[in-house]
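> sequence and predicted structure, then a few things I'm wondering about:
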Amino acid sequence: MKLVLVLALGALVAAALATTYFDEDFTKDGWESRWVVSDWKKSDGTAGAWDLDAGSYATDRVAERGLHTTQDARFYAISSKLPKAFSNKDKNLVLQFSVKHQQNIDCGGGYIKLLPEGTDQATFNGDAAYNIMFGPDICGPGHRIVHFILNKRGENRLIKRNVNAESDEYTHTYTAVLNKDNTYAIYVDGEKKQDGPIEDDWSILPAKKINDPSQSKPSNWVDDAQIDDPTDSKPADWDATPAEIADPSAKKPDDWDADLDGEWEAPKTPNPDYRGPWRAKRISNPAYKGPWVHPQIDNPEYKPDPTLYSFDSHGLVGIEIWQVKAGTIFDNFLVTDDLDLALARAQALNKVRDQEKALKKVDDDKKAAEAAEASKNAENAEKEDL
């Protein structure tokens, strides 16, 4: 009993210490007062319009509504301020949201950005500095990845190992985690897809080891694994067989006139007995030393950085994307230090996805029945005409 009480108290303390910095599911009215649509691209008419929508398959059109892209082949830029800017130094950071590509997206972004305090929402665009860019990006069957980009040391650093993005028409949850021990994790639909040290999977720091500049491959290094057999020699009759011969199946045309056309010669054809240029047999090189490996030394430029996970200021959540085919719904935004809370919500959204699939099946079955009935009626009408 004492152990149960200790665990329960520990859970309560952890929950009390957890912080949620941003939480938006659009169940409250007045989203236009919380989100600012950028003026970017409005002057040339390529800025896309946003609205709220729950999609074609929803059981609760208020609870499941989210930001919805409405126009094809458009740029979209929108942002919302966090109630209070914060730094995640000495804290874990969890960034989560859901994406529903109900249009069966063929090419377009589905990622969000965590932006520093002071970002101008009215001019927010693709050149605006950000701390983190995270989420799915799809363009054709060969590009379906989850972006995870960190802005470090003045550059946007792409993750070196990619996670596959979901591209169907249902709700999927994406979760990025930066831990204060300098590790990270990526979850999709509440399932961990990838994790590891930040230092290993982003090129932020100089390499720990470099090639020793004082060393080079010896001039006598033998790196040919095989050589020509010095005991092998070309047979004396090897070149006696020509590469081409007169085609034995060719016949002189009946109307061939030697006086006018000259002496007839059969066309050439590849000689089936021709053995090609002679080459000596290859054997293992007894002097082979293997590939030369450049000796390495500690890189004097390398210095560990225990703060790769942290940023000085997180102030806004933004979406800045291009979409060929509109219709994506962004929802369930969460910025917190509580991974358990995020994963619990992801599990709840998995049930929403199951409901969407069930509703679509009902719709598909209905359409199939209607199509079968229409075909049957057309067939009967044709029979009556006959």
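Right, received. Where do you want to start? Numbering: from 1, shown residues only.

> tally of neighbours for the residue nearest to Trp221 when sequence neighbours are not counted?
Excluding the flanking residues, the one nearest Trp221 by CB to CB, 6 or more residues apart in numbering is Trp292, at 5.3 Å. For the C-beta atoms, the positions are set from N, CA and C on the backbone; glycine is no exception. A count of nearby residues for Trp292, using other CB atoms under 10 Å, gives 13.

> and for Ala243?
By the criterion of other CB under 10 Å, Ala243 has 12 neighbours.

> so it makes contact with Tyr274?
Yes: using CB atoms under 8 Å, Ala243 is in contact with Tyr274, at 4.8 Å.

> joint contacts of the two?
With CB atoms under 8 Å, 6 or more residues apart in numbering applied, the contact sets of Ala243 and Tyr274 do not overlap.

> flag the shaky bits of the stretch 1-150 of the chain, pLDDT-wise.
For the stretch 1-150 of the chain, applying pLDDT under 70 flags the ranges 1-16.

> strands of that one, start to end?
Using DSSP state E, counting those that start in this stretch, the strands of the stretch 1-150 of the chain run over residues 20-24, 36-37, 50-53, 66-69, 74-86, 93-101, 107-109, 112-115, 132-139, 144-152.

> residues touching the closest residue to Ala250 other than its chain neighbours, list them.
Distance criterion CB to CB, 6+ apart; nearest residue to Ala250, sequence neighbours excluded, is Ala266 at 4.2 Å. Neighbour list for Ala266: 246-248, 250, 252 [criterion: CB under 8 Å, 6+ apart].

> now, the most widely separated pair of those residues?
Spanning the widest gap among the contacts of Ala266 are Pro248 and Lys252, at 13.0 Å by CB to CB.

> show me which of the contacts of Ala266 is closest to Phe333.
The closest of those, once distances to Phe333 are taken by CB to CB, is Asp247, at 76.5 Å.

> which residues are in contact with the closest one?
Counted by CB under 8 Å, 6+ apart, Asp247 has contacts 266-269.

> now do the same for it: its pLDDT.
pLDDT recorded at Asp247 is 90.

> repeat that for Ala369.
At Ala369, pLDDT is 87.

> among the contacts of Asp247, which are in strands?
268-269 (DSSP state E).

> just the buried ones out of the contacts of Asp247, please.
By neighbour count, with 16 or more other CB atoms under 10 Å, these hold no buried member.

> got TSV for the contacts of Asp247, with pLDDT and distance to Asp228 too?
Formatted as TSV, the contacts of Asp247 follow (pLDDT from 0 to 100; distance: CB to CB, whole Å):
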residue	pLDDT	distance to Asp228
Ala266	89	38
Pro267	90	37
Lys268	91	32
Thr269	93	32
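
> for Pro300, grab the count of nearby residues.
Around Pro300 there are 8 residues (other CB under 10 Å).

> separation between it and Ala73?
Using CB to CB, to the nearest Å, Pro300 is found at 51 Å from Ala73.

> and the strands in the stretch 201-350 of the chain, which stretches?
For the stretch 201-350 of the chain, strands defined by DSSP E, counting those that start in this stretch occupy the ranges 209-211, 226-228, 244-246, 268-270, 282-284, 296-298, 314-323, 328-336.

> nearest to Gln121, of these?
Comparing the strands of the stretch 201-350 of the chain by CB to CB, strand 314-323 comes nearest, at 7.1 Å.

> angle of that closest one against strand 328-336?
160 degrees (axes from the mean of the first three to the mean of the last three CA atoms, to 10 degrees).

> numbering from 266 from now on, please.
Right, with 266 as the first residue, what we last looked at is strand 579-588.

> buried stuff in strand 579-588?
So for strand 579-588, counting by 16+ other CB under 10 Å, buried means 579-588.

> tell me which of those is nearest to Phe351?
His579 (5.7 Å).

> can I get the strands of the stretch 466-615 of the chain in CSV including distance to Val301?
Below are the strands of the stretch 466-615 of the chain laid out as CSV (distance: least, CB to CB, whole Å):
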stretch, distance to Val301
strand 474-476, 47
strand 491-493, 67
strand 509-511, 78
strand 533-535, 74
strand 547-549, 70
strand 561-563, 49
strand 579-588, 9
strand 593-601, 15
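
> identify, from the buried residues of strand 579-588, the entry nearest to Asp371.
Gln588 (9.5 Å).

> and for the residue nearest to Trp529 when sequence neighbours are not counted, the neighbour number?
Sequence neighbours aside, Lys517 is the residue nearest to Trp529 in space, at 4.5 Å (criterion: CB to CB, 6+ apart). Residues lying near Lys517 (other CB under 10 Å) number 12.

> any idea how far Lys517 lies from Pro532?
Lys517 is 11 Å from Pro532, by CB to CB.

> cool, and Gly541?
21 Å.
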